[in-house]
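> sequence unknown, structure follows:
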């Protein structure tokens, strides 16, 4: 009889503590401030064509990166590199725009195909990310080294896909 008594007490105790946990969990859930709902932006259909992105974003941004570091040999060797904060910021911004433009080129409405187009856009993004990292580190050598790689990614894509 005592065993039955203790089993009954144990059962009631477990039941009451289970109810207590449920109540505590509910209070905790109510006391936590609800997270602000992330507003979803309305879907906007792409407007720019690949050619417009190339002429308006890619070409000018690539030119800034390529032209930011140079050396000319003649009677004297002249080196060109960004010097001021503003010049480095311009190179970094241009590299970031190249990374973003690669994403724009991958949107389904613009992608020429599902194979090489995406690989080449990804290669452009990777080279541009290296340029961005070099600009943020203020490394003229880094910009110079990645310039050839970035140029090659552009040439590979243009050889295959350039329409005009």
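It's in. A quick note: this is a predicted structure, and the numbers were derived from the prediction, not measured.

> alpha carbons only for contacts and neighbour counts from here, please
OK.

> quick one: the helices in this protein?
In the chain, the helices defined using DSSP state H lie at 2-31, 50-53, 59-68, 85-105, 116-136, 140-161.

> in CSV, list those along with distance to residue 44 and mean pLDDT.
CSV is the format used below for the helices of the chain (distance: least, Cα to Cα, whole Å; pLDDT from 0 to 100):
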stretch, distance to residue 44, mean pLDDT
helix 2-31, 36, 69
helix 50-53, 16, 91
helix 59-68, 24, 95
helix 85-105, 13, 95
helix 116-136, 22, 94
helix 140-161, 26, 92
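
> dump those into CSV; add distance to residue 43 and mean neighbour count as well.
Shown next, in CSV, are the helices of the chain (distance: least, Cα to Cα, whole Å; neighbours: other Cα atoms under 10 Å):
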stretch, distance to residue 43, mean neighbour count
helix 2-31, 33, 11
helix 50-53, 19, 14
helix 59-68, 27, 18
helix 85-105, 14, 20
helix 116-136, 22, 21
helix 140-161, 28, 16
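
> tabulate those (JSON lines), appending distance to residue 76.
Formatted as JSON lines, those follow (distance: least, Cα to Cα, whole Å):
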{"stretch": "helix 2-31", "distance to residue 76": "72"}
{"stretch": "helix 50-53", "distance to residue 76": "39"}
{"stretch": "helix 59-68", "distance to residue 76": "19"}
{"stretch": "helix 85-105", "distance to residue 76": "24"}
{"stretch": "helix 116-136", "distance to residue 76": "26"}
{"stretch": "helix 140-161", "distance to residue 76": "20"}
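
> ok, residue 76 to residue 144 distance?
20 Å (Cα to Cα, to the nearest Å).

> now what about stretch 48-60, what contacts it?
97, 98, 101, 105, 110 (Cα atoms under 8 Å, 6 or more residues apart in numbering).

> hmm, 6 Å instead?
Around stretch 48-60, the neighbours that count as contacts under Cα atoms under 6 Å, 6 or more residues apart in numbering are residue 98.

> ends of that stretch, how far apart?
16 Å.

> off-centre distance for it?
When distances are taken as Cα atoms, centre = their mean, to the nearest Å, stretch 48-60 is centred 19 Å away from the chain's centroid.
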